[in-house]
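Undergrad: What shape does this take:
(one chain, ligands or ions: 1)
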Amino acid sequence: MQKQNRRRFLQSSLVLGTSLVLPPLLHAQTGIKSDQVLNKKLGVALVGLGYYSTDVLAPALQETKNCYLAGIVTGTPAKEKIWMEKYNIPRQNVYNYQTFDRIADNDAIDIIYVVLPNSMHAEYTIRAAEAGKHVICEKPMALSVAECQSMIDACQRNRRKLSIGYRMQFEPHTQEIIRYGREQVFGQVKYVNASAGFRNRSPKTHWKLQKAYGGGAVMDMGVYSIQAARYGTGEEPLSVTAQAFKDDPARFDEVDQEVTFQLEFPGGAVANLMTSFRVSTNLLYVAAEKGWYSLHPFSGYRGIKGTSSKRAIEFPSINQQATQMDEVAWCIEHDQPMRVPGEEGLQDLKVVEAIGEALKTGKKITIR
Ligand code: NAD
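TA: Numbers count the residues shown, from 1 in each chain. As a prediction, this is how the structure comes out:
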């Protein structure tokens with residue numbers, strides 16, 4: 001279907017309320033206001049108490065209005081006491097990987113937040129859904145499209161909500177960019193340039209440098225570049241070409257260190273994207289028929305700055321993770337669609353898989 005026709009078809013389908021399955025980003029239109037507060041907070045259990053849980057999510061849960069840190073799942077006994085004392089978590093809400101499934105009997109836990117190495121996302125999301133809990137799963141959603149689909153299926157089967165930890169979609173500068181793409185505020189998008197990377201100095205033994213765990217720059221940071229191109233254009237990519245670079249092949253013998261890749265979109269836009277464990281970079285630039293817009297940085301926890309050829313893009317800085325979890329809790333309690341449902345994570349894994357194929361074959365790969 002021609003892009004303009006497709007857009008009009010989708011809009012009219014929305015108005016008519018048909019049972020059309022919508023592209024994930026369109027769900028954003030149904031998002032709640034961040035000041036909507038529940039009478040009773042939902043309980044969140046963090047699974048995996050590594051960097052992101054310890055330094056970011058647990059502190060963010062001290063700022064949330066609709067949910068609170070109710071429980072933990074950890075394989076390290078020493079962490080149990082520290083977390084119980086620090087966050088006033090009762091013993092009955094503390095689990096390890098052997099006792100995990102008993103969460104099914106705990107009414108204090110409403111949402112399980114999977115913050116484990118990428119290769120463990122599918123298993124724990126499915127087990128959480130089977131335990132009757134709603135799930136937030138960190139990015140990248142899983143190792144493959146097939147795993148993503150099995151996670152979506154498990155949540156549907158158990159009538160539980162699933163959201164992926166793409167915190168940027170809750171951030172106001174980013175939401176403005178998403179609107180520009182969707183509504184073609186600057187006309188048809190022609191070109192996207194996005195890069196997301198940092199200097200990863202971890203030893204080879206770290207899971208992010210191991211293939212079996214779903215390591216590598218594309219899985220870790222590349223999904224941000226993919227997201228940027230998808231929401232920058234408001235479209236889904238048709239094809240990808242990709243190139244890999246390494247300056248430390250001994251440490252990065254299993255996973256990619258730096259990848260550049262190009263996406264082509266149905267409306268004619270081309271995205272030149274990059275992700276890296278070799279260099280620190282974070283930029284999104286979109287050129288359209290009637291101007292340009294840019295975020296720099298575009299995927300940091302704070303300090304997102306926006307500018308465009310027409311107007312400044314200025315919004316208050318927010319706690320992205322607190323906003324994300326509050327909105328997820330609100331939508332669960334009011335049975336609303338997730339802003340970032342599982343389908344959104346699956347869409348990125350389609351691109352990730354196609355990048356892998358493009359790197360292996362050196363060919364342009366169609367994204368299905
Ligand atoms: P991390 O290595 O610091 O933490 C992972 C945790 O999993 C550790 O506590 C570790 O003990 C535990 N674990 C349990 N079983 C394990 C096993 N078999 N092998 C290795 N570790 C095991 O990692 P992290 O940086 O906290 O990342 C966790 C997830 O969160 C990843 O999916 C990552 O992509 C995501 N993340 C997202 C953001 C974001 O901004 N949304 C930021 C950082 C990390």
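
Undergrad: Which stretches in the stretch 201-350 of the chain count as strands?
TA: Using DSSP state E, counting those that start in this stretch, the strands of the stretch 201-350 of the chain run over 239-245, 258-264, 270-276, 281-288, 291-295, 306-308, 312-313.

Undergrad: quick one: the fourth one to strand 270-276, angle?
TA: Going back to what we said before, that points to strand 281-288. If you take axes from the mean of the first three to the mean of the last three Cα atoms, to 10 degrees, strand 281-288 sits at 180 degrees to strand 270-276.

Undergrad: List the strands paired with strand 281-288, with their directions.
TA: Neighbouring strands of strand 281-288 in its sheet, by DSSP bridges, are strand 189-197 (antiparallel), strand 291-295 (antiparallel).

Undergrad: Distance to residue 82 and mean pLDDT for those strands - can I get that in CSV?
TA: Heads up, the C-betas are built off the backbone N, CA and C, glycines and all. As requested, the strands paired with strand 281-288 are arranged in CSV below (distance: least, Cβ to Cβ, whole Å; pLDDT from 0 to 100):
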stretch, distance to residue 82, mean pLDDT
strand 189-197, 32, 98
strand 291-295, 37, 98
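
Undergrad: Compare the ones you listed and report which one is nearest to the ligand.
TA: Proximity to the ligand (Cβ to the nearest ligand atom) singles out strand 189-197 among these, at 10.9 Å.

Undergrad: Figure out how far that closest one is from the centre of its chain.
TA: Between the centre of strand 189-197 and the centre of its host chain there is 17 Å, according to Cα atoms, centre = their mean, to the nearest Å.

Undergrad: what does stretch 209-229 give?
TA: On Cα atoms, centre = their mean, the centre of stretch 209-229 falls 11 Å from that of its chain.

Undergrad: same check, this time on stretch 197-204
TA: 21 Å.

Undergrad: check whether it contacts the ligand.
TA: No: Stretch 197-204 stays clear of the ligand (Cβ under 6 Å from any ligand atom), getting no nearer than 9.2 Å.

Undergrad: Quick check: end-to-end length of that stretch?
TA: Its start and end residues considered, stretch 197-204 measures 18 Å (Cα to Cα, to the nearest Å).

Undergrad: so residue 56 makes contact with residue 319?
TA: No: the criterion here is Cβ atoms under 8 Å, and residue 56 misses it with residue 319 at 9.6 Å.

Undergrad: quick one: which of those two has more around it?
TA: Between residue 56 and residue 319, residue 319 has the larger neighbour count (other Cβ atoms under 10 Å), namely 20 against 16.

Undergrad: wait, doesn't the more buried one sit right on residue 65?
TA: No: using Cβ under 8 Å, residue 319 is not in contact with residue 65, being 11.2 Å away.

Undergrad: Quick one: the helices in the chain, in order.
TA: 3-16, 51, 58-61, 77-87, 121-130, 145-157, 172-183, 217, 223-233, 320-333, 342-361 (DSSP state H).

Undergrad: The ones you listed: which one's closest to residue 192?
TA: helix 223-233 (4.7 Å; Cβ to Cβ).
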